[in-house]
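>>> Below are the sequence and a predicted model for it; my questions follow.
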Amino acid sequence: MVFPAKYPQLNDTELTEEARSVLIRVIRVAFPHPNFPDGPYERTADTILAEAANSTWFRVAITQGLLTLAHFAGGDFRDLNDDDATKVLRRIEATEFFGFVRRTTVLNLYDNEDVWEALGYEGPSFDKGGYINRGFDDLDWLPAAQIEVSPDATPLVEIATNVPLSGSRPATGPTPVTPGAPVAPAATAATPGRDTSNQPGPRDAEMAEVKK
Amino acid sequence: MNAIDLSDEAIVIIGSGAGGGTLAYELTKRGIPVVVLEAGGYLHNEDYVNDEWEAFNQMAWLDPRTTSGSWRIARDFPNLPAWIVKAVGGTTTHWSGATPRFKAHEFAARSTYGRIDGANLIDWPITLAELEPFYDKAEIAMGSTHVHGRKPLPANNNYTVFANGARERGYQHVSTGPYATNAEEYDGRPASIQDGFNFQGDKNKSKWSTLVREIPRAEATGLLDLRPNSHAVQITHDATGRADAVLYLDAEGNLHRQAASLVSIAANSIETARLLLQSGSPMFPDGLANSSGQVGRNYMRHTTGSVYARFDKPVNMFRGETMAGVIADESKHDPDRGFAGGYYLETISLGPAFLASFAEPGAWGREFTEILDAYRNTAGLWIVGEDMPQESNRITLNTSVTDKNGLPVPNVHFDDHRNDVAMREHGYLQAELLYEAVGSVGAHRTPPYPSTHNLGTARMSEKPQDGVVDRWGRTHDVPNLFVSDGSQFTTGAAANPTLTIVALAIRQAEYIADQLKSGGI
């Protein structure tokens, strides 16, 4: 267990330019997008470093994480190919270090316009009049679809015909109530054979279990 | 605005969303003054931003909460069990707009499904027939498409994939609604411009919310005293056990006491239960109106999940109304599928920022990035179905964690029922088959998001020992205390809950107005 506050010298840990460059490589390997430029990855690394600068615990975790990467890589993590680098990250994925990098990356990498453009997301649209005249219905590789249920459709069967129904209370169809007139609670409560919350009515054995 | 004095015994509504906002309008239009305490600030449509995270941080309820149980949320988002709004208009400003009704048998879940191990099922004390006139009123108020002469929304790209897949699979009940967003000008609000931002608040005012309809109309009566940034912390009662005041915090954390002749809680299921639990007293030692022990229990969140499918051609799912696509065929009750109850399939779309956060929390590497690399060619749908009420799924006060005001935070405990798991698996498979039928080259099963449908923590019951409120949403224990939100739901049904919350609130308002006149409260 690490108690950062007890070791003031750890507060002096400097995250070097080399550390930044290893971090960028970690993010690239963990979140590989062939068509992303470097900018989003660098920005995400800087976000992580800025958060680490504000939190002793994250700074400690990052310092240790970077050391661990070097140990597992047997040298410089940046020299590993993608497959080997991924294997190293799999070995540390449960660490505080990797969890912090992963969470911060997921929250920040994809929240930027350059990434949206690379992915094909067009983003804010209200100021451009929405998409109503900008392709909301331009999909052309499937036929146009009906937007209303066809009048010829088979009526929806609400309860499958194989289900035994209660004789004590009609589950479908109109119940005998006068429109506008509130029904006294007793009208249904007094019906014989009705369930209570812990005592089933007489016919319940048939549905005692969910069939699998 | 009608300023009501703190010492005036007022009708106090806590929350301004689907339940509270509707109740406030329905009462003020009958000439009854009300105070509405809204925990969040007053955001207007112009304030909204077309940016997922910025909008989330602007609108979402971010007060700390804790979680426990086997649901994935407790691991992935331990302090964000629910994705709801803290602002005037409540979560109606964030909802997407789907408005299916409950089916008749969904009001009689216990009678229809029978005994299911571990499920605390009872029937609602009301029937569909009783609620139908209020469904009509709610649909007309909200401008639901496809009903009452409202034009359907057009098909967007995501819908075209969804509906073609549905047809290939033999589904017949497929449409772009009912959906409470205008396809053409209605009720003084314009047609949708298909801008693709629903969860972020609708800048165009085409989507119904209490922010665009009920609240301004209640304000126009001159009888509404709306107090934003007013977080209710306790309901007090007199020696006879009647609610007599609401204590609330203002934005600066100062405590105020609003005297009350009647109190309605519509704070969304987690906060509604929290408030009742925080209002315990010697007369109500387990929490106000909790003689049944059911306050906070039977918490439901709908059985949900998403499937994002990849194609080799562009879809651009983000263009257009997010959830204007519904398949109702699976909403039937057919236990031969391996579970009780039913579910809807509805279109959904997230931007890259949210897809990255929610598609597969905790994942990384190539299998994660390929989900995002396929973004342009991706179609998405959401499964939303009935989950089983369980006594152990519950809201409690976590006295070891406090919020900025020093109040205990709510803890949300949830375990999936095996019926929920079976339904979700069935939905995932049907969704994958649907997309395969129109040529998908891959699909990803996304786990449930933080809950947007929070239900059941003060449920309606015939008998006082089975639940918290009666058929009118009036608590069994405290005659002038009502619950007006989704907490009342006895069971969750498959349908998205907002329409039913609004219908119940309209019905409840009639009852309250009537009782006030006749001296019944």
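Sure, I can see it.
>>> Could you use CA atoms for every contact and neighbour count after this?
Noted.
>>> B:H231 reaches B:E38, doesn't it?
Yes - counting by C-alpha atoms under 8 Å, B:H231 does reach B:E38; the two are 6.4 Å apart.
>>> Neighbour count for those two, which is higher?
More neighbours surround B:E38 than the other of B:H231 and B:E38, with 30 against 23 (other C-alpha atoms under 10 Å in any protein chain shown).
>>> List the residues that contact the more buried one.
B:I14, B:G15, B:S16, B:A87, B:V88, B:L226, B:R227, B:P228, B:N229, B:S230, B:H231 (C-alpha atoms under 8 Å, 6 or more residues apart in numbering or on different chains).
>>> TSV for those residues, including pLDDT and secondary structure?
Below are those laid out as TSV (pLDDT from 0 to 100; DSSP: H, G, I helix; E, B strand; the rest coil):
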residue	pLDDT	secondary structure
B:I14	98	strand
B:G15	98	coil
B:S16	98	coil
B:A87	98	strand
B:V88	98	coil
B:L226	98	strand
B:R227	98	strand
B:P228	98	coil
B:N229	98	coil
B:S230	98	coil
B:H231	98	strand
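>>> near chain A too, which of those?
Applying C-alpha under 8 Å from any C-alpha of the partner chain, the subset of those adjacent to chain A is empty.
>>> what's the nearest residue to B:G442 if we skip its chain neighbours?
Closest residue to B:G442 apart from its sequence neighbours, by C-alpha to C-alpha, 6 or more residues apart in numbering or on different chains: B:R310 at 5.2 Å.
>>> May I have the beta-bridge partners of that neighbour?
B:T378, B:G442 (DSSP bridges).
>>> Do I have it right that it meets B:R445?
No - B:R310 lies out of contact with B:R445 (C-alpha under 8 Å); the separation is 11.8 Å.
>>> Show me which of the two is the more surrounded one.
Neighbours per residue, other C-alpha under 10 Å: of B:R310 and B:R445, the larger number sits with B:R310, 26 against 17.
>>> measure that one to chain A for me?
Distance from B:R310 to chain A, counting by C-alpha to the nearest C-alpha, to the nearest Å: 13 Å.
>>> Could you do B:S68 as well?
21 Å.
>>> list the contacts for that residue?
B:A74, B:P78, B:N411, B:V412, B:H413, B:F414.
>>> please redo it, this time with the cut-off set to 10 Å
Counting by C-alpha atoms under 10 Å, 6 or more residues apart in numbering or on different chains, B:S68 makes contact with B:A74, B:R75, B:P78, B:P81, B:N393, B:R394, B:N411, B:V412, B:H413, B:F414, B:D415.
>>> from chain A, which residue is nearest to chain B?
Residue nearest to chain B within chain A (C-alpha to the nearest C-alpha): A:G130, separated by 3.7 Å.
>>> burial count for that residue?
21.
>>> Which pLDDT value belongs to it?
pLDDT for A:G130: 98.
>>> And B:E436, its phi and psi?
phi -60, psi -30 (degrees, to the nearest 10).
>>> and it, how many neighbours does it have?
B:E436, neighbours per other C-alpha under 10 Å, totals 19.
>>> so it sits right up against B:Y308, yeah?
No - using C-alpha atoms under 10 Å, B:E436 is not in contact with B:Y308, being 11.6 Å away.
>>> intersection of neighbour lists for the two?
Joint contacts of B:E436 and B:Y308 (C-alpha under 10 Å, 6+ apart) are B:G442, B:A443.
>>> quick one: secondary structure of A:I27?
Secondary structure assignment for A:I27 (DSSP: H, G, I helix; E, B strand; the rest coil): helix.
>>> Longest helix in chain B, please.
Longest helix in chain B, counting residues (DSSP state H): helix B:498-518.
>>> Can you list the helices and strands that it packs against?
Of the remaining helices and strands, those touching helix B:498-518 by 3 or more C-alpha pairs under 10 Å, 6 or more residues apart in numbering or on different chains; DSSP states H and E are helix B:18-28, helix B:128-142, strand B:481-483.
>>> So the last one, near chain A or not?
Think strand B:481-483. No - counting by C-alpha under 10 Å from any C-alpha of the partner chain, no contacts exist between strand B:481-483 and chain A, the nearest distance being 17.4 Å.
>>> model confidence over that strand, on average?
So the average pLDDT for strand B:481-483 ends up being 98.
>>> right, and B:A155 touches A:F136 too?
Yes - under the criterion of C-alpha under 10 Å, B:A155 makes contact with A:F136 at 8.4 Å.
>>> in chain A, which spans are strands?
With DSSP state E as the definition, chain A shows no strands.
>>> ok, now which ones touch the residue positioned nearest the centre of it?
Residue closest to the average C-alpha location in chain A (C-alpha atoms, centre = their mean): A:V106, at 10.3 Å. By C-alpha under 10 Å, 6+ apart, A:V106 lies in contact with A:F31, A:T44, B:A353, B:F354, B:L355, B:A356, B:S357, B:F358, B:P361, B:G362, B:A363, B:W364.
>>> Distance of the nearest residue to B:A289 once chain neighbours are set aside relative to chain A?
Nearest residue to B:A289, sequence neighbours excluded (C-alpha to C-alpha, 6+ apart): B:D477, at 5.0 Å. Separation of B:D477 from chain A (C-alpha to the nearest C-alpha): 17 Å.
>>> same check, this time on B:T304
For B:T304 relative to chain A (C-alpha to the nearest C-alpha), the value is 19 Å.
>>> Quick one: check stretch B:48-62 for contact with chain A.
Yes - counting by C-alpha under 10 Å from any C-alpha, chain A has neighbours in stretch B:48-62: B:V49, B:N50, B:D51, B:E52, B:W53, B:E54.
>>> Dump those into a markdown table; add pLDDT as well.
Below are the residues of stretch B:48-62 next to chain A laid out as a markdown table (pLDDT from 0 to 100):
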| residue | pLDDT |
| --- | --- |
| B:V49 | 98 |
| B:N50 | 97 |
| B:D51 | 97 |
| B:E52 | 97 |
| B:W53 | 97 |
| B:E54 | 97 |
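>>> Could I have the PyMOL command that selects the buried members from those?
This is the PyMOL syntax for the buried subset of the residues of stretch B:48-62 next to chain A, where burial follows 16 or more other C-alpha atoms under 10 Å in any protein chain shown:
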select buried, chain B and resi 49+50+51+52+53
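>>> Dump the residues of stretch B:48-62 next to chain A into a markdown table; add secondary structure as well.
Formatted as a markdown table, the residues of stretch B:48-62 next to chain A follow (three-state DSSP):
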| residue | secondary structure |
| --- | --- |
| B:V49 | coil |
| B:N50 | coil |
| B:D51 | coil |
| B:E52 | helix |
| B:W53 | helix |
| B:E54 | helix |
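>>> Of the residues of stretch B:48-62 next to chain A, which is the nearest to chain A?
Closest to chain A, out of all of the residues of stretch B:48-62 next to chain A and judged by C-alpha to the nearest C-alpha, is B:N50, at 4.8 Å.
>>> For stretch B:434-441, which outside residues touch it?
A:141-142, B:161-171, B:307-313, B:377-381, B:428, B:430-433, B:442-443.
>>> Tell me which of these fall in helices.
Counting by DSSP H, these place B:161-168, B:428, B:430-433 in helices.
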